[in-house]
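Asker: sequence and computational prediction follow.
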Amino acid sequence: MSSLRARLRIAIPSKGRLRERAVELLTRAGIQLRSEGRRLHSVCNETGIAVIFAHTQDIPALVSEGAVELGITGSDLVLEKAVVVDEHRRLGFGRCRLSVAVHVDAPYARPDDLGGKRVGTKFPRLAREFFAKHCARDVHMIEIQGAVEAMVPLGLVDAIVEIVETGTSLAENDLRELAEIVQAETVLIGTRQPHDISARDRLLRRIDGVLAAARYSLLEYNCPSFAVERASLITPGFSAPTLQQTGDPDWIAVKVLVEKSEIQSVVDRLEELGCVAILETELRHARL
């Protein structure tokens, strides 16, 4: 089956960490990728889904134009390209922010201080909107696709508008953040006219199962019979905990979903309640 005849086409980043995370997400959703050499697509025989490897910046337009039904890209790029797409899911990785940065010794304190100055960026549309909103007049925008952070130390621009994750790259180039423009993360977007709605929705449900598994762990523990009600308040579960009588009438076996971010606190409270044999199991997929 060729990519052109596939029931569903999804574009993902062709390189970098976003590619790795996107491939992991689709693999967990049952999409087996067979990327070989320089091939720019892979078709999963089991599902008939074609995965297209594309430049992250091109994916919003590919989805908007219906060249592919779904795409994984950054929410910042969706805003920059000003495309008409449906945002189906926020995927919880690739979190960052688009910020204005200047040299650490620069006298600028506010965005409007950059009026009349040169600003380098890969996001000219968002940058122009931001400076217009903050009444920074006559900002000279220079679109740069290379190492934007190096432009300020070299004296080529007075400021940059760039993606910031940890801030390490800014510090390495003697830059500081002047203002934040927008928070961003990786999103799953879709065309508003998919070729096969049922195939799209089936994949969305699979991805939901992967995202749910990333959020929850299965917690199992033995609880004293007299403390079951109090334990249920600590671990109410997604709908309700599963209770099972053990061979000893004084103990109840409990299975329940708990958010990963709360696991350690929950285990401490259960232990204080007298619960024992507390086990956490990682999930790979969960339909909730």
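Answerer: Looks like it arrived, so ask away.
Asker: just the pLDDT for residue 13.
Answerer: Looking at residue 13, its pLDDT is 95.
Asker: and the residue nearest to residue 79 when sequence neighbours are not counted, how far is that from residue 180?
Answerer: In this structure, residue 79 finds its nearest non-sequential neighbour in residue 126, 6.1 Å apart by CB to CB, 6 or more residues apart in numbering. Any C-beta I mention is one placed from the backbone N, CA and C, and that applies to glycine too. Residue 126 sits 12 Å away from residue 180, going by CB to CB, to the nearest Å.
Asker: of the two, who's got more company?
Answerer: Using other CB atoms under 10 Å, the more surrounded residue of residue 126 and residue 180 is residue 126, with 19 against 12.
Asker: and the residue nearest to residue 79, that one's in a helix?
Answerer: Yes: membership of residue 126 in a helix is supported by DSSP: H, G, I helix; E, B strand; the rest coil.
Asker: give me the common contacts of residue 126 and residue 180.
Answerer: Here residue 126 and residue 180 share the contacting residues residue 98, scored by CB atoms under 8 Å, 6 or more residues apart in numbering.
Asker: the residue nearest to residue 79 contacts residue 99, doesn't it?
Answerer: No: if you go by CB atoms under 8 Å, residue 126 and residue 99 don't touch, sitting 10.9 Å apart.
Asker: list the contacts for the residue nearest to residue 79?
Answerer: Residue 126 touches 76, 79, 80, 98, 161, 181, 182, counting by CB under 8 Å, 6+ apart.
Asker: continuing past the strand or helix carrying residue 203, what's the next helix or strand?
Answerer: Residue 203 belongs to helix 197-215 when elements are defined using DSSP states H and E. Under the assignment DSSP H and E, the closest C-terminal helix or strand after helix 197-215 is strand 216-224.
Asker: contacts for that following strand, please.
Answerer: Applying CB under 8 Å, 6+ apart, the contact partners of strand 216-224 are 231, 235, 238, 246, 250-260, 263, 266-267, 270, 273-283, 286.
Asker: can you do 6 Å?
Answerer: 231, 251-260, 263, 270, 274-281 (CB atoms under 6 Å, 6 or more residues apart in numbering).
Asker: and the end-to-end length of stretch 33-40?
Answerer: End-to-end distance for stretch 33-40: 11 Å, by CA to CA, to the nearest Å.
Asker: how about the helices in the stretch 1-150 of the chain?
Answerer: Using DSSP state H, counting those that start in this stretch, the helices found in the stretch 1-150 of the chain span residues 16-28, 59-64, 75-81, 124-133.
Asker: would you mark the buried spots in the helix-or-strand element of the chain with minimal mean pLDDT?
Answerer: Least confident helix or strand, the chain: strand 41-44 with a mean of 79, by mean pLDDT, DSSP states H and E. By neighbour count on 16 or more other CB atoms under 10 Å, the buried set for strand 41-44 is 41, 42, 43, 44.
Asker: next one: stretch 88-101
Answerer: So for stretch 88-101, counting by 16+ other CB under 10 Å, buried means 88, 89, 91, 94, 96, 97, 98, 99, 100, 101.
Asker: now do stretch 130-143
Answerer: Those would be 130, 131, 134, 136, 139, 141, for stretch 130-143 by 16+ other CB under 10 Å.
Asker: show me what the mean pLDDT comes to for that stretch.
Answerer: 95.
Asker: ok, residue 280 - contacts?
Answerer: Neighbour list for residue 280: 217, 219, 263 [criterion: CB under 6 Å, 6+ apart].
Asker: list only buried entries from those residues.
Answerer: 217, 219.
Asker: now, among the contacts of residue 280, which is nearest to residue 49?
Answerer: For the contacts of residue 280, the residue nearest residue 49 by CB to CB is residue 217; the value is 28.7 Å.
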